[in-house]
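Undergrad: build me a model from this:
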Amino acid sequence: MQKNKSNVQSICKEDNNTPNCGIAKKVLLIDGNNVVRDFMDCIRGTYFKDNIKIPIPHENRVNIDLSNLIIVEKRVEKFLKMSKKKFKSVKVFYDVNRKSDEVIEKYKSRRAYDIEIEFRGVLYGHSIVLADMFKKYGAEINYCWDEDADDTIASFASDTPNSVIYSKDKDYMRYNYNNIPDICSIITYENGFLEFKRNFVSVYGFTNGTEKDIIYPRPKTSSDEGKLKLIKSTKKMLIGVPTELCKDFGNFGARIKEFRRAVYYQMFGDSNIKIKEEYPQYNKEDNKVEWITEYVSPSNKYLRLVKYNPHKAFNLLVSKGDIYKYRKYIYNKYKDNKRRCINTKFHNKSSAKEIAFNNCFFSLYCSIIAQHCFLNNNASFLDKIYEIYFKEYKCDFCNNKVYLDIPSQWKKNKNKTNLITCYKCSQVCYYWRCGYCKSDDDCKFKHESVDFNRACPFNDNCKNKGCKYLHKKLIKKFKYKTFKKISRSTNKNEKRSIGI
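TA: Reported below is the predicted structural model:
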């Protein structure tokens, strides 16, 4: 048995003079479900102590703005732009069907645990959003239908010379490859170049429990996510946990059942077919999570509403009173959390309770957008999120495009003096850009050269006494009386009249 051990080391070293370094013919195979954290910021809800899983209380959680997709998209764009210089092609693989009972039970136990600790750590539909971003910037998307993604990637790697597998999963070490791939789990950007590194021992013939044979011929894949195709073939729908409010307010996935019936109607028509739906619900009497099974038939009652007006569909399910209840509940949960989040769309650091509510509201909206996409020929989930949930603005400093979500739009409309800043401008001291930073050279933030010889961005709402921008002088507007011109009267005795 030949072994090739290595610690944390680079498998794609480059020289500044030879950026391709003779590896342009390699193929990069990415396990899409296991590299999410390298591109998306995820919230941590638990930690391990003495091999025991302990939940993090609300007052100690570090919340992250999950709806800030601009940062995620920039990371994906940078990664693929540099990967194309190193590899002949980039293939991303995703699981479609949870086949084995073991995988399904593991999924159910994790969702039940999330409800118990009131936790939602990732973006709703994160795998679909990330897949849309990879596809947008030139990667080849492969959805695995016949076999699991691990087996499919291993089969592709074994059949392809000079391949690199990028995944956090160590199970790729136990396959009996015909062509041994490089297996890496870490990416770094050093001196303007992308490097892949491995942080575990790479061993040919390594047995961690049992060895596994390669599937041959390699399984077929599809470029279509095929959620509707899967429902049509299995007549089953497994619903997860959209928000962290499921424990007290119920599973929102169960509330949109009528909207899913519209999707089933478009798929099956007016028929007597029953779709088996399973979703978790918290039983307050027994203090435990129960999985509820229901059989749902197609209906066209809300078909046109969800297909053409998702905003109205959302308002039908979630009233203003519900939004106030959700906000009050979340604010009460995070009242002792003093941590602040920088990863936001506004210049100021938002509090943990604000970010928690924004994430919850975003997940609720995305669950409606997902049904809207199904009814519109399986439209791009990412494009629909930008179209429905965000609104395009311009940065008040550099005129770059900025997308604000609905809660941020509320904040902007409520406070007219809130300036909109893009990610680049947000790295500079906000008060310096506004023209009244009192710290001057002692400020801890960046003070870049700013052209103050222009109109103040606050316009007439500026209340800063030391503002360095130009302000228009108040010009009094006088109202003048207008007189109508009247022709001379032929009668000399008739008095002349002036009309106002």
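Undergrad: hang on, Phe48 in a strand?
TA: Yes: secondary structure of Phe48, determined by DSSP: H, G, I helix; E, B strand; the rest coil: located in a strand.
Undergrad: that one: neighbour count?
TA: Taking other CB atoms under 10 Å as the criterion, the count of residues near Phe48 is 8. (Glycine included, C-beta is placed from N, CA and C.)
Undergrad: same check, this time on Asn97
TA: 16.
Undergrad: so it: helix, strand or coil?
TA: For Asn97, the assignment made with three-state DSSP gives coil.
Undergrad: now do the helices in the stretch 401-500 of the chain.
TA: Under the criterion DSSP state H, counting those that start in this stretch, the stretch 401-500 of the chain carries helices at the ranges 406-414, 430-434.
Undergrad: deepest of those, which one?
TA: The densest packing among the helices of the stretch 401-500 of the chain, expressed as mean neighbour count by mean count of other CB atoms under 10 Å, is seen in helix 430-434 with a mean of 19.
Undergrad: wait, doesn't Arg44 sit right on Ile56?
TA: Yes: judged on CB atoms under 8 Å, Arg44 makes contact with Ile56 at a distance of 6.6 Å.
Undergrad: which of those two has more neighbours?
TA: It is Ile56, of Arg44 and Ile56, that has more neighbours when counted by other CB under 10 Å, with 15 against 12.
Undergrad: and the more buried one, its phi and psi?
TA: Backbone torsions of Ile56, given as degrees, to the nearest 10, read phi -90, psi 130.
Undergrad: confidence-wise, which of the helices of the stretch 401-500 of the chain is weakest overall?
TA: Between the helices of the stretch 401-500 of the chain, the one with the least mean pLDDT is helix 430-434; it has a mean of 70.
Undergrad: any idea how far the residue nearest to Asp169 when sequence neighbours are not counted is from Ala455?
TA: Nearest in space to Asp169, with sequence neighbours left out and distances taken as CB to CB, 6 or more residues apart in numbering, is Asn34 at 5.1 Å. Spatial separation of Asn34 from Ala455 under the definition CB to CB, to the nearest Å is 50 Å.
Undergrad: so between these two, which is more surrounded?
TA: Neighbours per residue, other CB under 10 Å: of Asn34 and Ala455, the larger number sits with Asn34, 18 against 11.
Undergrad: ok, that one touching Lys168?
TA: Yes: using CB under 8 Å as the test, Asn34 is close enough to Lys168 to be in contact (4.5 Å).
Undergrad: quick one: the strands in the stretch 1-150 of the chain?
TA: Using DSSP state E, counting those that start in this stretch, the strands of the stretch 1-150 of the chain run over 9-10, 27-31, 46-49, 52-55, 89-95, 140-144.
Undergrad: mind listing what's buried along the last one?
TA: For strand 140-144, the buried set under the neighbour-count rule, 16 or more other CB atoms under 10 Å, comprises 141-144.
Undergrad: tilt between that strand and strand 89-95?
TA: With axes from the mean of the first three to the mean of the last three CA atoms, to 10 degrees as the criterion, the two stretches strand 140-144 and strand 89-95 enclose an angle of 30 degrees.
Undergrad: parallel or antiparallel, list what pairs with strand 140-144.
TA: Using DSSP bridges, the strands paired with strand 140-144 in its sheet are strand 89-95 (parallel), strand 221-222 (antiparallel).
Undergrad: name the residues that touch that strand?
TA: The set of residues external to strand 140-144 that reach it, using CB atoms under 8 Å, 6 or more residues apart in numbering, is 89-96, 131, 134-135, 152, 219, 221-226.
Undergrad: and the longest one, by the same measure?
TA: Identification of contacts with strand 89-95 by CB under 8 Å, 6+ apart yields 27-33, 80, 83-84, 127, 131, 134, 138-144, 148-149, 152-153, 156, 221, 225.
Undergrad: switch to 6 Å and redo it
TA: By CB atoms under 6 Å, 6 or more residues apart in numbering, the residues outside strand 89-95 that reach it are 27-30, 32, 83, 127, 134, 139-144, 149, 152-153.
Undergrad: surely Trp291 is within a strand?
TA: Yes: according to three-state DSSP, the state of Trp291 is that of a strand.
Undergrad: mind checking pLDDT for it?
TA: Predicted confidence (pLDDT) at Trp291: the value is 95.
Undergrad: state the number of residues packed around it.
TA: Residue neighbour count, defined by other CB under 10 Å, stands at 13 for Trp291.
Undergrad: about what we covered before: what would the strands of the stretch 1-150 of the chain look like in CSV with mean pLDDT and distance to Lys274?
TA: Conversion of these to CSV gives the following (pLDDT from 0 to 100; distance: least, CB to CB, whole Å):
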stretch, mean pLDDT, distance to Lys274
strand 9-10, 49, 55
strand 27-31, 94, 35
strand 46-49, 86, 37
strand 52-55, 89, 37
strand 89-95, 93, 26
strand 140-144, 93, 26
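Undergrad: most tightly surrounded among the strands paired with strand 140-144?
TA: With neighbours defined as mean count of other CB under 10 Å, the strands paired with strand 140-144 peak in mean count at strand 89-95, which reaches a mean of 21.
Undergrad: before we move on, what SS does the closest residue to Ser367 other than its chain neighbours have?
TA: In space, not counting the residues next to it along the chain, Ser367 is nearest to Pro242; the distance is 5.0 Å by CB to CB, 6+ apart. For Pro242, the assignment made with three-state DSSP gives coil.
Undergrad: tell me the contacts of Pro242?
TA: When contacts are counted by CB under 6 Å, 6+ apart, Pro242 is found next to 124, 252-253, 363, 367.
Undergrad: quick check, nearest of these to Phe193?
TA: Proximity of the contacts of Pro242 to Phe193, judged by CB to CB, is greatest for Tyr124, which lies at 34.3 Å.
Undergrad: for the contacts of Pro242, which one is nearest Asp213?
TA: Ranked by distance to Asp213 (CB to CB), the contacts of Pro242 are led by Tyr124 at 37.1 Å.
Undergrad: so Glu278 belongs to a helix, correct?
TA: No: when classified by three-state DSSP, Glu278 is found to be strand rather than part of a helix.
Undergrad: burial measure for it, as a count.
TA: Other residues lying near Glu278 total 14 when counted by other CB under 10 Å.
Undergrad: make sure it is actually in contact with Lys236.
TA: No: taking contact to mean CB atoms under 6 Å, the distance of 7.7 Å between Glu278 and Lys236 leaves them out of contact.
Undergrad: rewinding a little: doesn't Tyr166 make contact with the residue nearest to Asp169?
TA: No: under the criterion of CB under 6 Å, Asn34 makes no contact with Tyr166, lying 8.8 Å away.
Undergrad: burial of Ile187, as a residue count?
TA: Counted with other CB under 10 Å, residues neighbouring Ile187 total 17.
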